[in-house]
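> Okay, here's the prediction I keep looking at, along with the sequence it came from:
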Amino acid sequence: MLFKHCLQGPPAMVIAQTSQTKQYLFSIITEPLTLVKSQSSPPVVKIYKKFDTRLICTFKGGHPPVNITLTRRGRRLTNGVVVKGKGLYGTIKTNHWAAYGSYQCMATDAKGNQVKYRINLKKTGEALYRST
């Protein structure tokens, strides 16, 4: 059996050819679906009331396509949420105390593998501004 490797960055493709049947077997080798912590929001985000904040979750690997969602209390959020490639960007408005608490990013690949990441939004201090 003859193997040819086509390594043009992830995912790599392996082509196997048998000399007798000349059949080709294509297999995509992918790295596991994982969170890129260095490009994601920290697990605890402190923000002043009445300020907008952006929650970021970045993933890599997995079997395409990868579906990424942001949830709060079990409900999917769509307003202010943008997914680009394997990154999710969610803008949260903190005009009300109910905006604070736990948010969860979840990535699911084509084979059903899931990675969840929880971000806790906490209120900090009072904003320093005056109305004149």
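Cool, got the structure.

> going forward, measure contacts and count neighbours with C-alpha atoms only.
OK.

> List the buried residues in stretch 66-77.
For stretch 66-77, a neighbour-count test (16 or more other C-alpha atoms under 10 Å) marks 66, 68, 69, 70 as buried.

> Please parse this structure into its domains.
For the chain, automatic domain parsing gives the domain ranges 1-30, 34-123.

> Quick one: those domains as a markdown table, columns for mean pLDDT too.
Below are the domains of the chain laid out as a markdown table (pLDDT from 0 to 100):
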| stretch | mean pLDDT |
| --- | --- |
| domain 1-30 | 52 |
| domain 34-123 | 96 |
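
> Out of those domains, which one sits most buried?
domain 34-123 (a mean of 16; mean count of other C-alpha atoms under 10 Å).

> Need the distance between the two termini of it.
End-to-end distance of domain 34-123: 29 Å, with C-alpha to C-alpha, to the nearest Å as the criterion.

> Could you do stretch 33-43 as well?
Rule used - C-alpha to C-alpha; the end-to-end distance of stretch 33-43 is 19 Å.

> What are the contacting residues of that stretch?
55-63, 109, 113-115, 117-120 (C-alpha atoms under 8 Å, 6 or more residues apart in numbering).

> Show residues contacting stretch 46-57.
Contacts for stretch 46-57 (C-alpha under 8 Å, 6+ apart): 35-36, 39-41, 87-97, 105, 117, 119, 121-127.

> Go through those residues and flag which are in strands.
35, 87-93, 105, 117, 119, 121-123 (DSSP state E).

> What is the nearest of these to residue 77?
residue 90 (8.6 Å; C-alpha to C-alpha).

> Could I get the contacting residues of the residue lying closest to the closest one once chain neighbours are set aside?
Using C-alpha to C-alpha, 6 or more residues apart in numbering and skipping residues adjacent in sequence, the residue nearest residue 90 is residue 81, 4.2 Å away. Each residue near residue 81 by C-alpha under 8 Å, 6+ apart is listed here: 70, 88, 89, 90, 91.

> could these go into a markdown table alongside distance to residue 49?
Shown next, in a markdown table, are the contacts of residue 81 (distance: C-alpha to C-alpha, whole Å):
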| residue | distance to residue 49 |
| --- | --- |
| 70 | 21 |
| 88 | 23 |
| 89 | 20 |
| 90 | 17 |
| 91 | 14 |
